[in-house]
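> Below are the sequence and a predicted model for it; my questions follow.
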Amino acid sequence: MSDQRTRSIPTWAVLAVCCAAQFMVVLDVSIVNVALPQMRSDLGLTATGQQWVINAYTLTFAGFLMLGGRAADLFGRRRIFMLGLSIFTVCSLIGGLAQDGGWLIGARAAQGLGGAVLAPSTLSLLTSTFTDPNERRRALGAWSATAASGAAVGVFLGGVLTDVLDWRWVLFVNIPIGAVLLAVASVALVESKAPAQRTSLDLPGAITVTGGLAVLVYGIVSTDTYAWGSARTVGTLALGVVLLVAFVLIEAKLAEHPLVPLGVFRRRSLSAANGIAMSVGAALFGVYFFLSLYLQEVNGYSPLKGGLAFLAAGLATLSGALAGSRVVVRLGFRRQLQLGSVLTAAGLLWVSRAAVGSAYFTHVFGPLLLIGVGIGLMFVPMTMAATQGIPPQEAGLASGLINTSRQIGGAVGLAAMATVAAGVAKHHAPGAHATLAALTRGYDRTFLVTAVIMIAGALLAQLLPKTQLAHPGAPARAAAESVPRVSVVEA
C-alpha cells in the first residue's frame, strides 16, 4: 500500500522499551509500600485507606487490562503504548501533589488505568516482533525478569526515596522515566495491528468487572469494622457478586465483541496458567505489604532500612527469572511452576515464624531469598504457558488475561489477608490498640495462609499439558539467530 512503508528496527530497542515500561508499571504496585506509614501520617489515612492506596491502583489495573489488550490489537500497539504511558506519567504527577487521602487514592486509580492500557501492549509488541521460538523465549525471559524483579525493587526504591526525600517522590520518580520512554518509544517502535475484524470495545464488560472487583474488595476490607454477617457487609458482597455475574452475562450473551470470549478458557494451558498467576499475585502483594509493615511498625526500621531489607528479594527474583528462561527448556512448564511454588511456600512458612524483634538474617533474609527465587522461576513458564498456541489476533487478550489474573489475585488476596491479620490481632489484643505481639501474630498468619495458596498453585500446575521445548542449541531458524533486526510494516 502506498501509505505504508517497511522499516528495519533493532530488536534490542523494542525489547528495551517494552521491558522498561513493564518494569515501571510493576514497580508502582509495590513502590508505595514502604511509604505507607509516612503517607498515613501526612494525609491522615486510616488502616483501610492504606490498603486502598495499593488496591485503587491494582483494581483499575486488573479491570481494564483486558480492554487495554484488545485496544492494542485493534487500534495499534504503538499508539496504545504511547497513550497508556502518557496517562500513567501524568497521573503520577497528580498523585505526588495529593493533599488528602481521597486525592491520592483517586490519582492511584487513574494511574492504574494508564498502566492497564500500557502493560498488555508491551507483551503484544514482543510477541509480534519476536516470531522465532528461541528468540521469543529469550525475549520473554528478559521481559519476565524485569516484571518479576519490579515488585521487590519497588520496595527498595520506595524506601530510599521516602527516607532521603519524602513519600511524594515514590510517584514523582515516574515523571522523568516516563518522559524519556515516550521520546525513545516514538523512535524505536513502529505501528502494528492484529489481523482482527472487531471494530468496537466492550466498555460495559470492563466497567462491570472493575466495579464488581472493587465492591467485593471493599466488602472484604470493611469487615474489620462491620461483622461478616451484618447487613452492610452482606449487601456489599452481594452487590459485588451481582456485578461480576453481570460481567459474565455480558461476555456470554450481550456483547457483540466480548472483552473476554469465554471460549478462550477451553484452552487448558491458558486457564491453568491464569489460576497460578492469581496465587503468585497473592504471594507478592501479601509479602511486600505485610512484611513492610512488620519491619517498620513492629521492628522499628526506617523507610531506608526497610527498603534495603527487600533488596535481596529483588536480586533473587531477577536471578530466578533469568535462570528460568533456560531451566524451562529442561524442566518444562509444569515441573518448573511446581518447583517455584514449593520454594515460595517454603519461604512463606519460614517467615511466618517471625516474632517481635526477630533478627533479619535468621527470619527475613533467608525467606526472601526463597520467595524471590521461587517466584522468579515461575514468571517465564507461566507467561509461555498462557500464550502458547495463541493466534496473533488473540495475543493482546492472552497477555491481558495473565496480567489481570495476577493483579486480581493480589488485590483480592491482600484484602482477605488484611482481614485475617486484623482478626488475629484483635483476638490477641481486644483493646483499642493492638500490641506489637498481636500485630506480629496477625502478619504471621497471613504468611501461613499465603503458603497454602502457593501449594494450591503447585497442584494446579499438574493440569498443564506436558510440553517439550526445543533445546536452545537446536537449529531453529539459524538465519534468524544471526540477524539482530526485524522488518515490520509501519502504518
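Happy to help now that I have it. Numbers count the residues shown, from 1 in each chain.

> Check the burial of Val187 by counting its neighbours.
Look at Val187: counted by other CB atoms under 10 Å, it has 10 neighbours. For glycine as for every other residue, the C-beta is placed from the backbone atoms N, C-alpha and C.

> host element of it?
Assigning secondary structure by DSSP states H and E places Val187 in helix 174-188.

> Give the rounded mean pLDDT of the next helix or strand along the chain from that helix.
Toward the C-terminal end, the helix or strand that comes next after helix 174-188 (DSSP H and E) is helix 203-221. Averaged across helix 203-221, pLDDT comes to 81.

> ok, now stretch 140-159?
Mean pLDDT, computed over stretch 140-159, is 73.

> Stretch 123-135 now?
Mean predicted lDDT for stretch 123-135 stands at 72.

> what separates stretch 340-349 from the chain centre, distance-wise?
Put simply, stretch 340-349 sits 19 Å off its chain's centre (CA atoms, centre = their mean, to the nearest Å).

> Same question for stretch 64-84.
17 Å.

> Straight-line length of it, end to end?
One end of stretch 64-84 sits 11 Å from the other (CA to CA, to the nearest Å).

> that older thread, buried ones in the helix holding Val187?
Asn174, Ile177, Gly178, Leu181, Ala185, Ala188 (16 or more other CB atoms under 10 Å).

> Where is pLDDT lowest across the residues you listed?
Ranked by pLDDT, the buried residues of helix 174-188 bottom out at Ala188 (73).

> what's the spacing between that residue and Tyr360?
Ala188 sits 41 Å away from Tyr360, going by CB to CB, to the nearest Å.

> next one: Gly44
Taken as CB to CB, the span from Gly44 to Tyr360 is 31 Å.

> Compare these two (neighbour count), which wins?
Tyr360 (17 against 10).

> so what's the residue nearest to the more buried one when sequence neighbours are not counted up against?
Leaving aside its chain neighbours, Tyr360 sits nearest to Ala309 (6.4 Å; criterion: CB to CB, 6 or more residues apart in numbering). Applying CB atoms under 8 Å, 6 or more residues apart in numbering to Ala309 gives the contacts Leu295, Tyr301, Tyr360, Val364, Phe365, Leu368.

> Buried among those residues? Make that a ChimeraX selection.
ChimeraX command restricting these to the buried ones, with burial defined by 16+ other CB under 10 Å:
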select :295,301,360,364,368
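
> Does Ser405 touch Ser279 like I think?
No - with contacts counted by CB atoms under 8 Å, Ser405 stays clear of Ser279, the gap being 9.4 Å.

> So for the two, which sits in the more crowded spot?
Ser279 (29 against 25).

> which element is the more buried one on?
Going by DSSP H and E, Ser279 is part of helix 268-293.

> Ok, Arg136 next?
Using DSSP H and E, Arg136 falls in helix 133-164.

> Could I get the CA-only coordinates of whatever helix or strand comes next after that helix as CSV?
Remark: after helix 133-164, the chain's next helix or strand is helix 169-172, criterion DSSP H and E. Below are the C-alpha coordinates for helix 169-172, written out as CSV (Å, rounded to 0.1, in the frame of the first residue of the first chain):
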residue,chain,number,x,y,z
TRP,A,169,8.9,11.1,45.3
VAL,A,170,7.7,7.5,45.0
LEU,A,171,5.3,8.9,42.5
PHE,A,172,7.3,11.8,41.1
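
> Convert stretch 213-222 to PDB, retaining C-alpha atoms only.
Extracted in PDB, the C-alpha atoms of stretch 213-222 (Å, rounded to 0.1, in the frame of the first residue of the first chain):
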ATOM      1  CA  LEU A 213     -14.000  -6.400  42.000                       C
ATOM      2  CA  ALA A 214     -13.800  -3.000  43.700                       C
ATOM      3  CA  VAL A 215     -17.100  -3.600  45.500                       C
ATOM      4  CA  LEU A 216     -16.100  -7.100  46.500                       C
ATOM      5  CA  VAL A 217     -12.700  -6.000  47.900                       C
ATOM      6  CA  TYR A 218     -14.400  -3.100  49.700                       C
ATOM      7  CA  GLY A 219     -16.800  -5.500  51.300                       C
ATOM      8  CA  ILE A 220     -13.900  -7.700  52.500                       C
ATOM      9  CA  VAL A 221     -11.800  -5.000  53.900                       C
ATOM     10  CA  SER A 222     -14.700  -3.400  55.700                       C
END
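
> Contacts made by that stretch with the rest, please.
The contact list for stretch 213-222, computed with CB under 8 Å, 6+ apart, reads 48, 51-52, 55, 59, 62-63, 232-233, 236-237, 239-241, 243-244, 408, 411-412, 415-416, 418-419.

> Restricted to strands, list the residues you listed.
Per DSSP state E, strands hold no members of the contacts of stretch 213-222.

> Double-check Val117 against Ile80; I have them as touching.
Yes - the pair formed by Val117 and Ile80 meets the contact definition of CB under 8 Å, at 6.0 Å.

> would Leu83 count as being in a strand?
No - under the criterion used here (DSSP: H, G, I helix; E, B strand; the rest coil), Leu83 is helix, not part of a strand.

> got the contact list for it?
So Leu83 contacts Val117 (CB under 8 Å, 6+ apart).

> Also Gln22?
Ala119, Thr122, Leu123, Trp143, Thr146, Ala147, Gly150.

> if I read this right, the fifth one contacts Cys19, doesn't it?
Yes - at 4.4 Å, Thr146 and Cys19 qualify as touching, with contact defined as CB under 8 Å.

> neighbour count winner among the two?
The residue with more neighbours, out of Thr146 and Cys19, is Thr146; 24 against 20, by other CB under 10 Å.

> what about the nearest residue to Gly178 once chain neighbours are set aside, distance to Arg266?
Leaving aside its chain neighbours, Gly178 sits nearest to Thr89 (3.1 Å; criterion: CB to CB, 6+ apart). If you measure Thr89 against Arg266 using CB to CB, the figure is 39 Å.
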